[in-house]
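> got a structure for you, letters missing:
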């Protein structure tokens, strides 16, 4: 008998925002990690910190190759919702380099994910 998928809690659907240098992304927690929503933006070029963590550059390249990230004007744009293993990996793709997802993602009132999770 198949088991039911884990129910999505209210906090898992609470919209969160990640911004850097005028680039804006939206997403939410998910049962298996974090989802960045279609239409979100990411920095166009990798930052210097990406050199220390090559997985960030590799993941960004894979998302470009798969058509999930496309160049539009001077940013990258998510063409569809994309699920990541963690808020940090999602933020790193958006920032174009190392990022702490617990502090990069904030709710509409500016509270960080870390603050939200500590409630």
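That came in fine, so what should we check first? Note that the structure is a prediction, hence the values are computed from the model and not measured.

> Give the other helices and strands that the lengthiest helix in the chain contacts.
The residue-count maximum for a helix in the chain (DSSP state H) belongs to helix 54-65. For helix 54-65, the elements it packs on are strand 69-72, helix 87-95, judged by 3 or more Cβ pairs under 8 Å, 6 or more residues apart in numbering; DSSP states H and E. (C-beta placed from N, C-alpha, C; glycine too.)

> Quick check: next helix or strand after the longest one?
Going back to what we said before, that points to helix 87-95. Proceeding N to C from helix 87-95, the next assigned helix or strand is helix 101-104, under DSSP states H and E.

> Which residues does that next one contact?
With contacts defined as Cβ atoms under 8 Å, 6 or more residues apart in numbering, helix 101-104 is touched by 18, 20, 34, 86-92, 94-95, 112-114, 117.

> Give me the buried subset of those.
18, 20, 34, 87-92, 94-95, 112-113 (16 or more other Cβ atoms under 10 Å).

> now the residues you listed in CSV, with pLDDT?
Shown next, in CSV, are the buried ones among the contacts of helix 101-104 (pLDDT from 0 to 100):
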residue, pLDDT
18, 98
20, 94
34, 97
87, 97
88, 96
89, 96
90, 98
91, 97
92, 95
94, 97
95, 95
112, 97
113, 96
